[in-house]
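Engineer: When you get a sec, could you give me coordinates for this:
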Amino acid sequence: METLEALRTRRSVRRYTGEAIPKADLETIVDAGRLAATGSNRQPWVFVVVTDRATIAQFKLAGAWMEKAGAVIAVVMDPVSRWWVEDGSAAIENMLLASVALGYGACWVEGDALPLEGEFKSLLGVPAEKRLMALIPVGVAAETPRTPEKKALALVLHWEKY
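Structural biologist: You can find the predicted model right below:
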């Protein structure tokens, strides 16, 4: 899929068929995250790919809908990096776009996962000094979410000055 088409068609998918995702596709998705822009090339990330059904089921605490994802990618960041939030955000967006380009649905789960960060870090064996920034459930979409209405370009684009 062409890049701009992936940008236009990416949606937050929260319903999956439960089908497994080939390891090569998951590696391609994570590799897209690894290639993201990063402040001072610090690359403060580690990605934990979870395909075990029992482990995925434990992520239901942050959203019952995650249980049918083919995989969940945990984005683990090193907060020693000054730009860890920005770097992690860039990596997550790259992985979301790679997911849609490969024909999968995915969703950025942060707000519902943060209150459970300690529990999920323990589940995944993440060191105490690292941060679990987000979970990204990925799967074969069981539905195509409707396209949300976006502001017109003329409302958000200014030339030369605000």
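Engineer: what residues does stretch 144-162 touch?
Structural biologist: 11-14 (Cβ atoms under 8 Å, 6 or more residues apart in numbering). Where you see a C-beta, it was placed from the backbone N, CA and C, and this is true even at glycine.
Engineer: next one: that stretch to chain centre, how far?
Structural biologist: Centroid separation for stretch 144-162 versus its chain: 23 Å, with Cα atoms, centre = their mean, to the nearest Å.
Engineer: quick one: average confidence on the lengthiest helix in the chain?
Structural biologist: The longest helix of the chain (DSSP state H) is helix 84-101. Averaging pLDDT along helix 84-101 yields 96.
Engineer: Got a quick ChimeraX command for the buried subset of the contacts of stretch 144-162?
Structural biologist: A single ChimeraX command is used to select the members of the contacts of stretch 144-162 judged buried by 16 or more other Cβ atoms under 10 Å:
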select :11,13,14
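Engineer: Please enumerate the helices of this protein.
Structural biologist: Counting by DSSP H, the helices of the chain are 3-9, 23-34, 53-58, 84-101, 117-124, 153-156.
Engineer: Pull the contacting residues for Ala37.
Structural biologist: 87, 90.
Engineer: next one: the one 4 residues further on
Structural biologist: With contacts defined as Cβ under 8 Å, 6+ apart, Asn41 is in contact with no residue.
Engineer: quick one: it and Ala54, what's the gap?
Structural biologist: 37 Å (Cβ to Cβ, to the nearest Å).
Engineer: Go ahead and measure how far the longest strand seen in the chain is from the middle of the chain.
Structural biologist: Longest among the strand segments of the chain by residue count, using DSSP state E, is strand 131-139. Taking Cα atoms, centre = their mean, one finds strand 131-139 lying 5 Å from the centre of the chain it belongs to.
Engineer: what's the angle from that strand to helix 84-101?
Structural biologist: 10 degrees (axes from the mean of the first three to the mean of the last three Cα atoms, to 10 degrees).
Engineer: Okay, buried residues for strand 131-139 please.
Structural biologist: Within strand 131-139, judged by 16+ other Cβ under 10 Å, the buried ones are 131-139.
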